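S.K.: when you get a sec, could you give me coordinates for this:
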Amino acid sequence: MKNLKWIGFVALFLVVAISNGCSQNFTDEAVAGKDVTINATSGVESVFTGTTLTINRKSGDGTVSVSLIFKSGAVDLSQYQFIVCNINNGSPNEQLAELGFNDILRPTGATVVQPNSSKELRAVIFKDRDDKYGRFAGMQISPDFGAKLWYKTAAEKVTKINFNLPGFKTGTVITVSNIKFIKVPETNLKISSPIVDRYGQNSMGDWPEKIHSDVDFGKFADQEKISLTKNSSIPEWDVYGGWATGPTLETNGFFSVKKYNGKWWFVDPNGKLFWSNGINTVSSNEETPVVGKEALFMEIPKNIGFDKALVQGASKGVNFIESNLAKQYGYNWKEQFNNITQQRLRSWGINTIGNWSSPDIFLQRKTPYVVTLTNKKQGKANMPDPFEANFKTDLKAQIVSRYSKSVNDKWCLGFFVDNELRWVGLAANLISESSDRQYKIEFVKRLQYKYNTIDALNKSWFTSFSSWDELLRNTRPIINIENNTDVKDFLVVYAEKYFSQVKAAIKEISPNALYLGCRFEFQFYPADTQKEWVVSVASRYCDVVSFNRYRYTAEDLKPSKGNDYPIIVGEFHFGSLDRGLFNPGIKYVANQKERGDMYRFYITTALRNPNIVGAHWFQYYDEPLTGRYDGENCQIGFLTVGNVVYNDLINSVKSVSKSMYNTRTNK
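M.R.: Residues are numbered from 1 along each chain as shown. Below you'll find the predicted structure:
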């Protein structure tokens, strides 16, 4: 395999330490059946003989999960980089196989295995670290794979290894063999020289898309020009990217959403069925902070030589993407960048410019686009307060000030409002919020109306507040408040107020615009039923309900039983570790070819899902090696920092796009 050749690692299968003081030696030996016990989904026969695990689906439907639980206790994998194994698919269907540890719902690697074939499956291991991490403190993931994530990996206390097989069919068999652990390479533990070259790339090693000198910009540009000329657009698409050769529906001259032949669709201004294949952050604006990290850089460009300083403002950030674009295109780099971006999108089959993209690009009105609005976040919950008197007025003013050119623009697919709000945990913050928050004031008013006296509330809640004012001023949490019926009821009222006000603000300013929701960060909905209350409310007000869906499949993203509404995936991606970056993003795959394979699989599952009307990849460029403003440093782009396309991914995108409407309609 080509991945990780830039660090020249040697796969070492060494001793794994056990947290209870014992040790287990996996040297030159795969994990064996004698090391583990098995816990599997009902209806599954799992047998581990020697070093081969056989998984046989005897009955039932849906995802199969098999956990290998270490007999000797919790294994310390914090010095390891990967879990690897071989997957043999003996079924007549392609099969997604996921691998991870501890949390069965959070696999850290996956692959798609074709029928009657074998493939290596590789999952990444990150170790937890705190914020004080020397010169790598600003990186979400550092060279030695220490990570500051939104969840704890607990890699030092691994109790089980998990295999998930989504959509595994009855009567089929998968075998898993040679499960091993690969150490973090010594070269990643002893980095002493600057790691960022003059182009913003990892200074160590080599890979096909790497820029070595300014001459390479022209070389890669010439190669891309041939591809763009040969595949300039998809003949079956209309000017918006809708299905020109498909049926024509009634239209109001703007984008709308309708159900047609049992599946939800966007309908473009020409009345053509439209499935939104999009990409986020179509922009060159990506800085990495440099203050205090100067030693990490071989060279920090002072400016791009033309119209603005490269080291900007209070952020003191350097933008290597724009520096490289200036080297490639010269004085008018912005114009050339905007134009080639439109050519790329059309050639690739991307028909939607997603969130956080440049107005200079989307207002060219050559590709449909979305815009995003953000409400003011307040209080402990860090959430909007829809009970504030100016909530709707402020949102309307934001539409006018930021997106006046998008109001009733037929190229605008719709408006997202907010992103990944903290709906989970809102109950606990509600009761301990400060007394000046309007939604808490409203909550207490409703309690007063229901209970009349504070004694009656205390009896129901098993509390001891002396007055309604004390309840209003209370800043202490209450145990198990999430299960309180009054709180649950009010959260529905809160959500109703929020979504209804947002919808009204959009429709009053831009009546023809679609309201695309708030981009729920509910990765396991609808299986995670505790979130149904807010999704159900959203579906009554949003034209399309949006989820940022970082999974390896979109097959199960559907409304809960009895409900039916259109869904759009606001974000997804797959990244690797074979191009110099230390962070593969939220969903890791083994190499660039696997990125393309997984893109094909994910989009295909979304196209076959009758409720999903689009999916938007995050993002256009890789993130900076040393991290953006919040430390994210992921290898998740369609393009490198040097403005070079990842051909394995792009070729897959093109292939999927060309057959997109046939796949959607089962033709």
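S.K.: could you point out the longest helix in this protein?
M.R.: helix 485-509 (DSSP state H).
S.K.: which secondary structure elements does that helix contact?
M.R.: Counting contacts by 3 or more CB pairs under 8 Å, 6 or more residues apart in numbering; DSSP states H and E, helix 485-509 is packed against helix 391-403, strand 412-417, helix 426-432, helix 438-451, helix 532-541. C-beta: built from backbone N, CA, C; applies to glycine.
S.K.: what comes up buried for the last one?
M.R.: I take that to be helix 532-541. Neighbour counts over helix 532-541 (16 or more other CB atoms under 10 Å) mark 534, 535, 536, 537, 538, 539, 541 as buried.
S.K.: from those residues, pick the one nearest residue 406.
M.R.: Residue 406 lies nearest to residue 541 out of the buried residues of helix 532-541, by CB to CB, at 20.4 Å.
S.K.: dump the residue contacts of the closest one.
M.R.: When contacts are counted by CB atoms under 8 Å, 6 or more residues apart in numbering, residue 541 touches 499, 500, 502, 503, 515.
S.K.: let me know the pLDDT of it.
M.R.: If you check residue 541, the pLDDT there is 98.
S.K.: quick check: the spatially closest residue to residue 166 that is not a sequence neighbour vs residue 636, distance?
M.R.: Once flanking residues are discounted, residue 166 sits nearest to residue 63: 4.7 Å by CB to CB, 6 or more residues apart in numbering. From residue 63 across to residue 636, the span is 25 Å (CB to CB, to the nearest Å).
S.K.: what of residue 524?
M.R.: Distance, residue 524 to residue 636, using CB to CB: 21 Å.
S.K.: and these two? which has more neighbours close in?
M.R.: More neighbours surround residue 636 than the other of residue 524 and residue 636, with 27 against 15 (other CB atoms under 10 Å).
S.K.: was I right about that one contacting residue 623?
M.R.: Yes - counting by CB atoms under 8 Å, residue 636 does reach residue 623; the two are 6.8 Å apart.
S.K.: thinking again about what came up before, next, the angle from the longest helix of the chain to helix 391-403.
M.R.: With axes from the mean of the first three to the mean of the last three CA atoms, to 10 degrees as the basis, helix 485-509 and helix 391-403 are set at 40 degrees to each other.
S.K.: what comes up buried for helix 485-509?
M.R.: 486-487, 490-491, 493-499, 501-503, 505-506, 509.
S.K.: now do it, average pLDDT.
M.R.: Here helix 485-509 scores 97 as its mean pLDDT.
S.K.: try stretch 441-451
M.R.: The average pLDDT within stretch 441-451 is 97.
S.K.: quick one: residue 40 from residue 107, how far?
M.R.: Residue 40 sits 16 Å away from residue 107 when distances are taken as CB to CB.
S.K.: okay, these two: which has more neighbours?
M.R.: Between residue 40 and residue 107, counted using other CB under 10 Å, residue 107 has the larger neighbour count: 24 against 18.
S.K.: so that one: helix, strand or coil?
M.R.: For residue 107, the assignment made with DSSP: H, G, I helix; E, B strand; the rest coil gives coil.
S.K.: could you list the low-pLDDT ranges of the stretch 51-200 of the chain?
M.R.: 133 (pLDDT under 70).
S.K.: just the strands in it please.
M.R.: Along the stretch 51-200 of the chain, the stretches classed as strands by DSSP state E, counting those that start in this stretch are 52-57, 64-70, 75-76, 80-89, 95-101, 109-113, 117-124, 127-128, 146-147, 160-165, 173-183.
S.K.: got the angle between the longest one and strand 80-89?
M.R.: Which is strand 173-183. If you take the same axes, to 10 degrees, strand 173-183 sits at 160 degrees to strand 80-89.
S.K.: which elements pack onto strand 173-183?
M.R.: For strand 173-183, the packing partners by 3+ CB pairs under 8 Å, 6+ apart come out as strand 52-57, strand 80-89, strand 160-165.
S.K.: so which of the ones you listed is nearest residue 328?
M.R.: Nearest of the helices and strands packed on strand 173-183 (CB to CB): strand 80-89, 34.1 Å.
S.K.: what does that closest one contact?
M.R.: Against strand 80-89 from outside (CB under 8 Å, 6+ apart): 9, 16, 30, 77, 95, 97, 99, 101, 108-109, 111, 113-125, 145, 155, 161, 174-185.
S.K.: tell me the secondary structure for residue 642?
M.R.: Residue 642 - assigned by three-state DSSP - is coil.
S.K.: got a list of what it touches?
M.R.: Taking CB under 8 Å, 6+ apart as the test, what residue 642 contacts is 199, 200, 201, 209, 210, 211, 216, 217, 220, 324.
S.K.: for residue 156, which non-adjacent residue is closest in space?
M.R.: residue 78 (4.3 Å).
S.K.: distance-wise, check that neighbour relative to residue 273.
M.R.: Counting by CB to CB - residue 78 and residue 273 are separated by 50 Å.
S.K.: give me the more crowded residue out of those two.
M.R.: Set residue 78 next to residue 273 and count neighbours by other CB under 10 Å: residue 273 wins out with 23 against 20.
S.K.: OK, contacts around the more buried one?
M.R.: Taking CB under 8 Å, 6+ apart, one finds 242, 243, 246, 247, 249, 260, 265, 266, 267, 661, 664 in contact with residue 273.
S.K.: would you format the strands of the stretch 51-200 of the chain as a markdown table with mean neighbour count included?
M.R.: What follows is the strands of the stretch 51-200 of the chain, written out as a markdown table (neighbours: other CB atoms under 10 Å):
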| stretch | mean neighbour count |
| --- | --- |
| strand 52-57 | 21 |
| strand 64-70 | 20 |
| strand 75-76 | 22 |
| strand 80-89 | 22 |
| strand 95-101 | 23 |
| strand 109-113 | 23 |
| strand 117-124 | 19 |
| strand 127-128 | 18 |
| strand 146-147 | 20 |
| strand 160-165 | 24 |
| strand 173-183 | 19 |
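S.K.: out of the ones you listed, flag the one nearest residue 579.
M.R.: Among the strands of the stretch 51-200 of the chain, the nearest to residue 579 by CB to CB is strand 117-124 (14.4 Å).
S.K.: chain neighbours aside, what residue packs nearest to residue 48?
M.R.: Once flanking residues are discounted, residue 48 sits nearest to residue 33: 3.3 Å by CB to CB, 6+ apart.
S.K.: number of nearby residues for the one you found?
M.R.: With other CB under 10 Å as criterion, residue 33 counts 15.
S.K.: which residues touch it?
M.R.: 48, 49, 50, 51, 53.
S.K.: change it to 7 Å
M.R.: With contact set as CB atoms under 7 Å, 6 or more residues apart in numbering, residue 33 has these partners: 48, 49, 50.
S.K.: over to residue 386?
M.R.: Residues near residue 386 by CB under 7 Å, 6+ apart: 494, 497, 498, 501.
S.K.: give me that answer again for 10 Å
M.R.: By CB atoms under 10 Å, 6 or more residues apart in numbering, the contact set of residue 386 is 375, 392, 395, 438-439, 442, 493-502.
S.K.: do the same with residue 446
M.R.: 486, 489, 490, 493.
S.K.: repeat for residue 502
M.R.: 373, 375, 384, 386, 391-392, 395, 415, 417-418, 515, 517-518, 538, 541-542.
S.K.: filter those residues down to the buried ones.
M.R.: The buried subset of the contacts of residue 502 (16+ other CB under 10 Å) comprises 373, 375, 384, 386, 391-392, 395, 415, 417-418, 515, 517-518, 538, 541-542.
S.K.: in helices, which of the contacts of residue 273 appear?
M.R.: Per DSSP H, these map to helices at 661, 664.
S.K.: that older thread, from residue 124, how far out is the residue nearest to residue 48?
M.R.: 25 Å.
S.K.: same check, this time on residue 540
M.R.: 40 Å.
S.K.: same question, residue 169
M.R.: Residue 169 is 28 Å from residue 124, by CB to CB.
S.K.: now do the contacts for the residue nearest to residue 495 when sequence neighbours are not counted.
M.R.: Leaving out its chain neighbours, the residue that sits closest to residue 495 by CB to CB, 6+ apart is residue 537, at 4.1 Å. Shown in contact with residue 537 (CB under 10 Å, 6+ apart): 491, 492, 493, 494, 495, 496, 497, 498, 499, 500.
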